[in-house]
Each structure stands twice: as C-alpha cells, then as structure tokens.
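J.: Pasted the sequence and its predicted model underneath.
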Amino acid sequence: SQQGEEDPQALSIQEGENATMNCSYKTSINNLQWYRQNSGRGLVHLILIRSNEREKHSGRLRVTLDTSKKSSSLLITASRAADTASYFCATDAKETSGSRLTFGEGTQLTVNP
Amino acid sequence: NAGVTQTPKFRVLKTGQSMTLLCAQDMNHEYMYWYRQDPGMGLRLIHYSVGEGTTAKGEVPDGYNVSRLKKQNFLLGLESAAPSQTSVYFCASSDAPYGYTFGSGTRLTVV
C-alpha cells in the first residue's frame, strides 16, 4: 500500500494563482520529499523537508510538514503554465532507515494560460 | 552530465519472452532503485540496491530479478514476461537520504 496519499488527485487553476497540494502518510518518517513529473518524463526532485523541520522554501515553492498530523503541503506561488505536471510526495520511513522512498499516487496540476 | 540513463526507451514483448532493462548512473551513487508506474497507482518499488553486489526486494518484486555487479549499473530482468508487466519502468539513484535522480523511463508493452 502507498505510504503517501496526495490530495486533490487533480487541480486546475489559472496562471498567476497559487496551487496547494496536500500529502498524508502513515508511519514515522526521517524526511518527506516532493517530486515533479512532466508528461512522459522521469521524476525530478523538488525539495526535501526533514522530520524536525516545519517549513521550507525554495524559490516559488513552500513546503510545510506537520508530523503530529502526518501531513505535508506543497504550495506553488504565482503559478505558470510551465508548472503543469504531476506532483508526488515521497516518504523516507524511519523503519527502512533511509534505504528507500515510498511514493504517493500524485496530484495532476494544470495551469491554464 | 548524463545522470541516470535507461535503455531501451521503448520495447514490445510477447508473453513468455525475456528481456533485461539496463540502468547506468555516473554520479557514484551508492543506492539504486527500480520502480514501475501504472496509471492511478503512483510509483511502486520493485527492487533496490544499497551498494555494489547487494540487492533487496521492494513492494512488487514477483516476476523480476535484478543484479548490481558494478556500482554504476543496475539491471532489471524479466524472465517470462506477462501482460501484467506492461508498465513504465523508472530507474533512480541516490546517496540516501537525499533526493533521487530518475532516468527518463522505459515504456514496456507485453502482448
């Protein structure tokens, strides 16, 4: 079963708006990561947040982590058509000691020009 | 600047045929992984390796075998392909616990 579950499954917004995607997970983690996948391509690592961190920024990306609720959110500000892609959260569970990630099913983001 | 290279990019197999997917990385990463991606199911881990000469089973290992004879290469084998193995296969490498670098994928169809 998938460790991470993204919400919503699909999101459609207008260029310039903010996009928020959520991820819930089940077990204790070392870190949580977000990836982007353009259609027909491999996944690209966006950002990693450790279990002792609550918020992290990278350019137009803002990630929050709430370990008490076992949830994370990815905010993309001032979205662009080029942000259209699938976004996946992935968890590095404590029980697997950093040896592998478990991916969620992804959120399909469409940014309309 | 190659990163992770997967070959082939596309393949059509008949049921019962065998094939090997090759993954090569030039970043000297210790960890390598094979995932499959199916519509609506995200990525599922098939097998992984934490170093040269090591392999371990992931979430969906049945019907697949792997080998990591050299640090830079991770091979995924299908001994007797089945239609259920139609999927997109992704290889990734990392120096855990950091982010993964993914290849561009192999689209496999078993008829």
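T.: Great, that's in hand. Since we're looking at a predicted model, the values are computed, not measured.

J.: For chain A, which residues are neighbours of chain B?
T.: A:2, A:30-31, A:33, A:35, A:40-45, A:48, A:88, A:90, A:92, A:98-106 (Cβ under 8 Å from any Cβ of the partner chain). C-betas here are computed from N, CA, C, even on glycine.

J.: Would you mind writing the ChimeraX command to select the buried ones in those residues?
T.: If you want just the buried ones from these in ChimeraX, going by 16 or more other Cβ atoms under 10 Å in any protein chain shown, the selection is:
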select /A:2,30,31,33,35,42,43,45,48,88,90,92,98,99,100,101,102,103,104,105,106
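
J.: From the residues of chain A next to chain B, which land in strands?
T.: Counting by DSSP state E, the residues of chain A next to chain B place A:30-31, A:33, A:35, A:43-45, A:48, A:88, A:90, A:92, A:102-103 in strands.

J.: now for those, which pair is the farthest apart?
T.: Spatial extent of these (Cβ to Cβ) is set by the pair A:30 and A:44 at 21.0 Å.

J.: In the chain, where is pLDDT below threshold?
T.: With no chain named, the answer covers chain A. A:1-4, A:98 (pLDDT under 70).

J.: that's the other chain; I wanted chain B
T.: Those would be B:1, if you go by pLDDT under 70 across chain B.

J.: Strands of chain B, start to end?
T.: Going by DSSP E, chain B shows strands at B:4-7, B:10-13, B:19-25, B:31-37, B:43-49, B:56-57, B:64-67, B:73-78, B:87-94, B:101-102, B:106-110.

J.: Kindly reformat those as a markdown table containing distance to residue A:6 and mean neighbour count.
T.: Formatted as a markdown table, these follow (distance: least, Cβ to Cβ, whole Å; neighbours: other Cβ atoms under 10 Å in any protein chain shown):
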| stretch | distance to residue A:6 | mean neighbour count |
| --- | --- | --- |
| strand B:4-7 | 24 | 18 |
| strand B:10-13 | 28 | 14 |
| strand B:19-25 | 26 | 19 |
| strand B:31-37 | 14 | 25 |
| strand B:43-49 | 12 | 23 |
| strand B:56-57 | 25 | 13 |
| strand B:64-67 | 26 | 18 |
| strand B:73-78 | 26 | 20 |
| strand B:87-94 | 18 | 24 |
| strand B:101-102 | 18 | 22 |
| strand B:106-110 | 23 | 18 |
